[in-house]
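>>> coords please:
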Amino acid sequence: MGEAVGRRAVLGGAAAAGVAMLAANTATAGEDRRRFAGKVVIVTGATSGIGRETAIAFAAAGAKVGFCGRREELGRGVEREIRRAGGEATYFRADVRVPEQVQAFVDGVARRYGGLDIAFNNAGIHLGKPLHEISVDEWEDVQRTNARGVFLSIKYEVPHLLKAGGGVIVCTASAQADQTRPGHAAYTSSKRAVQGLVRAAALDYGAKGIRVLSIDPGTTDTRLVRPPGIPDDLWARFKKAWGPLNVHGLPRMGEAGEIASAVLALASSDFGYLTGTSVLVDGGLNAGRPMVMPPGFTPPA
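Residues are numbered from 1 along each chain as shown. Down below sits the predicted model:
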């Protein structure tokens, strides 16, 4: 497990919870459904994890959602879930590493739903290896997916947002863009690049009504963090032990739905003056680090 189990986010839910919210017939649910009513939203990398939860949450809030991912079976499943619960969403198979596919995806969503208002550029992969052990192909794959994929997404989203008179772009960076760990040269550099893209793009398009932000999750319970094949009971025990040792604010691992909640908040008008910045959603992970002292020394009071 080690560092691969280690660094992604904080805020509440799960796919089932998102769908339950979507179906709920209460006054609160009614307010949630109006929050993004009439808005068209794009989500990349939405076949699982944070992207999936965010697509479900936007649909629950009344948006028309176009989302992509490489795993078609999972994508079709998310699409069916949202539609069964009364939401509107369409899955497009697209690989963010391929310019033609990104453009076709973005243009296809805008064509299907009549424009574009919000984009959540979330697709990404993880790699944990010491720098000298990373092959050139592995390095390029991480950069092409995490950094170049965000560049391509923004490139093809902006014309539609300009046509609409403005909008919001939120991109997934990482808490590791600010404080990394051994074995994360490829991942951290790619997420640092996302932060740079966000800041530059915010300056390019702010005067034209487009806000651009990144969300920086801490350690989140997703398939990128949970090693495959671990039984649920063992994983639950691991998480319970891991949180107090590593997250000194809220001593637990984050949930994908909590990150989705933060994305929706940042994309809303509540944060209309926020752009060109990165927002940590990490449960206090980066606020506190254990002090490791040399043998024979004690930390100062």
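>>> going forward, measure contacts and count neighbours with C-alpha atoms only.
Noted.
>>> and the nearest residue to Arg223 once chain neighbours are set aside, how close does it get to Thr222?
The shortest distance from Arg223 to any non-neighbouring residue, by Cα to Cα, 6 or more residues apart in numbering, is to Gly49 (6.7 Å). Distance from Gly49 to Thr222, counting by Cα to Cα, to the nearest Å: 5 Å.
>>> identify the contacts common to the two.
Ala256 (Cα atoms under 8 Å, 6 or more residues apart in numbering).
>>> who's more crowded, the two?
Ranked by neighbour count (other Cα atoms under 10 Å), Gly49 and Thr222 place Gly49 first, with 21 against 17.
>>> got a list of what Thr188 touches?
Counted by Cα under 8 Å, 6+ apart, Thr188 has contacts Ser174, Gln176, Ala177, Thr180.
>>> related to what we said a few turns ago, wait, isn't the residue nearest to Arg223 in contact with Arg226?
No: using Cα atoms under 8 Å, Gly49 is not in contact with Arg226; the gap is 10.9 Å.
>>> give me the pLDDT value at Val247.
We have a pLDDT of 86 for Val247.
>>> isn't it up against Gly288?
Yes: here Val247 reaches Gly288: they are 7.4 Å apart, a contact under Cα under 8 Å.
>>> where does pLDDT dip in the stretch 101-250 of the chain?
The stretch 101-250 of the chain contains no residues with pLDDT under 70.
>>> now do the strands in it.
118-121, 167-172, 210-217, 220-221 (DSSP state E, counting those that start in this stretch).
>>> can I get these in CSV with distance to Lys239 and mean neighbour count?
Below are the strands of the stretch 101-250 of the chain laid out as CSV (distance: least, Cα to Cα, whole Å; neighbours: other Cα atoms under 10 Å):
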stretch, distance to Lys239, mean neighbour count
strand 118-121, 27, 28
strand 167-172, 23, 26
strand 210-217, 17, 27
strand 220-221, 9, 26
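>>> JSON lines for those, including distance to Val281?
As requested, the strands of the stretch 101-250 of the chain are exported to JSON lines (distance: least, Cα to Cα, whole Å):
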{"stretch": "strand 118-121", "distance to Val281": "15"}
{"stretch": "strand 167-172", "distance to Val281": "11"}
{"stretch": "strand 210-217", "distance to Val281": "5"}
{"stretch": "strand 220-221", "distance to Val281": "10"}
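>>> show me what Leu280 is bridged to.
In this entry, Leu280 is beta-bridged to Asp216, by DSSP bridges.
>>> which members of the contacts of Thr188 are the farthest-apart pair?
Within these, two members stand farthest from each other by Cα to Cα: Ser174 and Thr180, at 9.5 Å.
>>> show me which of those two is the more surrounded one.
Ser174 (30 against 16).
>>> could you measure from the more buried one over to Val281?
For Ser174, the distance to Val281 - Cα to Cα - is 9 Å.
>>> could you name every residue contacting both of the two?
Ile215, Asp216, Pro217, Gly218.
>>> quick check: of these, which lies closest to Phe151?
Ile215 (15.7 Å).
>>> surely the closest one and Val263 touch.
Yes: Ile215 is in contact with Val263 according to Cα under 8 Å; the separation is 7.2 Å.
>>> partners of the nearest residue to Gly272 once chain neighbours are set aside in the sheet?
Once flanking residues are discounted, Gly272 sits nearest to Arg211: 7.9 Å by Cα to Cα, 6+ apart. Counting by DSSP bridges, Arg211 is bridged to Val168.
>>> what about Arg211, distance to Gln176?
For Arg211, the distance to Gln176 - Cα to Cα - is 23 Å.
>>> when Val247 and Gly288 are compared, which one has more neighbours?
Legend: neighbour count by other Cα under 10 Å for Val247 and Gly288, higher for Val247 (24 against 11).
>>> and the nearest residue to that one once chain neighbours are set aside, how many neighbours?
Among residues not flanking Val247 along the chain, Leu285 sits closest, at 4.6 Å (Cα to Cα, 6+ apart). As a burial measure, Leu285 scores 27 neighbours (other Cα under 10 Å).
>>> list the contacts of Leu116.
Lys39, Val40, Val41, Ile42, Val109, Ala110, Glu157, His160, Leu161, Ala164, Gly167.
>>> the last one is in contact with Asp117, isn't it?
Right, Gly167. Yes: proximity of Gly167 to Asp117 meets the contact threshold set by Cα under 8 Å, at 4.9 Å.
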